[in-house]
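Asks: mind folding the following:
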Amino acid sequence: QKTAYEIKECDWSSDVCSSDLIVVTEGNILKTISPTKTIMAKAKVKTDFAKRFAIYSLDRFISTLSLFDDPELKFGEKSVDISDNTRKTHYVYADENTVTKAPDREINLPSVDVSFRLTNDVLRDVEKAAGVLGLPEIVVIGDGKNIKLQAEDTKNPTGDVYSVVIGETDKAFKAIFKAENIKIIPGDYDVNISSKGISHFVHEDVEYYIAVESSSTF
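Replies: Residues are numbered from 1 along each chain as shown. Purely as a prediction, here's the structure:
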């Protein structure tokens with residue numbers, strides 16, 4: 001099942017491309033993008049990075065930091081030294097040419113056709129139902145009266161469906177997401193969806209751009 005939108009301006013030819021790879025740029029804004037080009041995350045963080053560098057395995061880097069009680073980081077040209085009172089490690093940067101980079105440009109939705117507030121409780125409830133019932137998709141439905149968040153398998157119209165009313169609308173639409181794509185930091189989100197195949201989830205200092213499946217209808 002293809003998606004209707006790809007977040008472009010990235011080189012996906014490398015076999016090592018992975019969402020676990022990240023280029024940290026100067027400043028306090030971090031961006032990362034999925035190997036499928038269908039999810040981009042952007043966050044404003046407390047740390048202000050003075051130097052651009054690339055990390056091959058973000059999980060490995062974070063695990064390395066966890067070895068220290070109160071780590072101090074000193075960023076060099078080719079590596080970062082991580083230390084505390086008695087311990088130290090020399091962590092070498094990845095070659096930026098082997099790391100998938102999120103686009104530098106800002107992404108603007110081509111249009112805003114659906115808007116709603118999505119609470120953390122509702123999303124976790126529907127995600128849990130999707131897991132229990134073995135349903136592969138999270139769907140936002142507008143029936144001309146209510147907006148519903150549903151767990152379902154749109155390829156099986158007679159199958160199980162779990163539904164929660166989350167708002168009101170005078171529109172009819174069906175925005176389909178792969179459940180695996182809605183793995184976002186817990187919180188309440190303002191959500192905008194474009195009929196052109198992309199959505200925008202915003203929570204405080206965190207944003208996600210997530211592609212909508214091409215089988216969606218507006």
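Asks: quick one, helices of this protein?
Replies: Applying DSSP state H to the chain gives helices spanning 58-65, 120-133.
Asks: need those in CSV (columns: mean pLDDT and distance to Glu26).
Replies: All C-beta spots, glycine's among them, are computed from the backbone N, C-alpha and C. Converted to CSV, these look like this (pLDDT from 0 to 100; distance: least, CB to CB, whole Å):
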stretch, mean pLDDT, distance to Glu26
helix 58-65, 88, 18
helix 120-133, 98, 32
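Asks: let me know which of those is tucked in deepest.
Replies: Stretch with highest mean neighbour count among these: helix 120-133 (a mean of 16; mean count of other CB atoms under 10 Å).
Asks: quick one: that one to chain centroid distance?
Replies: Relative to its parent chain, helix 120-133 has a centroid offset of 17 Å by CA atoms, centre = their mean, to the nearest Å.
Asks: which other residues reach that helix?
Replies: For helix 120-133, contacts defined as CB atoms under 8 Å, 6 or more residues apart in numbering pick out 135-138, 149-151, 160, 162, 164, 166, 179, 182, 184, 186-189.
Asks: any of these buried? List them.
Replies: By neighbour count, with 16 or more other CB atoms under 10 Å, the contacts of helix 120-133 hold 135, 137-138, 149-151, 162, 164, 166, 179, 182, 184, 189 as buried.
Asks: wait, which of these is closest to Lys88?
Replies: Lowest distance from Lys88 to these (CB to CB) belongs to Ile184, with 35.1 Å.
Asks: what sits against the residue lying closest to the closest one once chain neighbours are set aside?
Replies: In this structure, Ile184 finds its nearest non-sequential neighbour in Tyr208, 5.5 Å apart by CB to CB, 6 or more residues apart in numbering. Going by CB under 8 Å, 6+ apart, Tyr208 touches 39-42, 184, 200-201.
Asks: which strand of the chain spans the most residues?
Replies: Longest strand of the chain, by residue count under DSSP state E: strand 39-49.
Asks: how near is the residue nearest to Ile184 to Ile198?
Replies: Distance of Tyr208 to Ile198, computed by CB to CB, to the nearest Å: 11 Å.
Asks: again, but for Phe177
Replies: 11 Å.
Asks: got it, and Asp188?
Replies: Applying CB to CB to Asp188 and Ile198 gives a distance of 21 Å.
Asks: quick one, what contacts the nearest residue to Gly187 once chain neighbours are set aside?
Replies: Closest residue in space to Gly187, ignoring its immediate chain neighbours: His203 at 4.0 Å, by CB to CB, 6+ apart. By CB under 8 Å, 6+ apart, the contact list for His203 reads 184-185, 187-190.
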